[in-house]
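Trainee: just the structure for this:
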Amino acid sequence: MAPFFPSPNLLLSDGGALSLLRRPWDARLASIQPRIGIMVRTIVEDHFDSLSSSHVNLYETLKKLSWHLLLGLFLNLHPKDEQFGVIESLEEHLLRGQVSLFSLSVDVGWRQSPRKKGIKAKEELQRIIAQRIVDMPTACPFHERKSGVRMGQSSSSQDVSDLANHVLLFTSSLSVETLASLL
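Mentor: The predicted structure is shown next:
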């Protein structure tokens, strides 16, 4: 998974390294909880209000809701936003690359392995997410730094890159699939 979620990140770290990474992220996550209740309620109500049929595929419906929740909460994206579909598609390529049985990155011009497509999708996602964080700092719930400086104001490219890597974890297809299964 390391080629898809570069270090340092909360997913691939354990032991002492994890506790050092977790401290600032625990504070960031704690600050999110009071702000998301109304947003989650709105997203859920809008999602279920949009269902037109009395017959639904429960898993697909909850997977779609999971996309709405995660992209809404972590990037302030709505299903009608152009970037919503782009990110969802790139995330699917990333997931196929992560679970590919062919673990080599092959690019012969006219054909790319699923892993190679996944790595390219990850790079594009990181670029899109980082740009969104810079252009719209409040879109990312992690934009507040412990020093009180908001992203977009005196933030380094390393800060933006770090946030983009973590947002990529929270909005990944793996997170969507997990949330849908949990729901």
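Trainee: residue at max distance from the center of this protein?
Mentor: Seen from the C-alpha centroid of the chain, the residue lying at the greatest distance (C-alpha atoms, centre = their mean) is residue 54, 30.7 Å away.
Trainee: would that one count as being in a helix?
Mentor: No. Read with DSSP: H, G, I helix; E, B strand; the rest coil, residue 54 is coil and lies in no helix.
Trainee: please report the distance of it from residue 45.
Mentor: 18 Å (C-beta to C-beta, to the nearest Å). For the C-beta atoms, the positions are set from N, CA and C on the backbone; glycine is no exception.
Trainee: for residue 120, same thing?
Mentor: Residue 120 is 36 Å from residue 45, by C-beta to C-beta.
Trainee: so how far is residue 56 from residue 48?
Mentor: Taking C-beta to C-beta as the measure, residue 48 falls 10 Å from residue 56.
Trainee: now residue 118. Nearest residue, chain neighbours left out?
Mentor: Excluding the flanking residues, the one nearest residue 118 by C-beta to C-beta, 6 or more residues apart in numbering is residue 97, at 1.3 Å.
Trainee: show the contacting residues for the one you found.
Mentor: Residue 97 makes contacts with 4, 114, 115, 116, 117, 118, 119, 121, 122, as judged by C-beta atoms under 8 Å, 6 or more residues apart in numbering.
Trainee: what bits of this structure have low per-residue confidence?
Mentor: Scanning the chain for pLDDT under 70 picks out the ranges 1-18, 21, 100-111, 143-158.
Trainee: that one: helices as residue ranges?
Mentor: With DSSP state H as the criterion, the chain has helices at 15-49, 58-75, 82-98, 114-135, 157-170, 173-182.
Trainee: give the buried residues for the fourth one.
Mentor: So the one you mean is helix 114-135. Within helix 114-135, the residues that qualify as buried are 114-122, 125-126, 128-130, 132-134, counting by 16 or more other C-beta atoms under 10 Å.
Trainee: against residue 162, how distant is the spatially closest residue to residue 46 that is not a sequence neighbour?
Mentor: Spatial nearest neighbour of residue 46, chain neighbours left out: residue 68 (7.7 Å); criterion: C-beta to C-beta, 6+ apart. For residue 68, the distance to residue 162 (C-beta to C-beta) stands at 26 Å.
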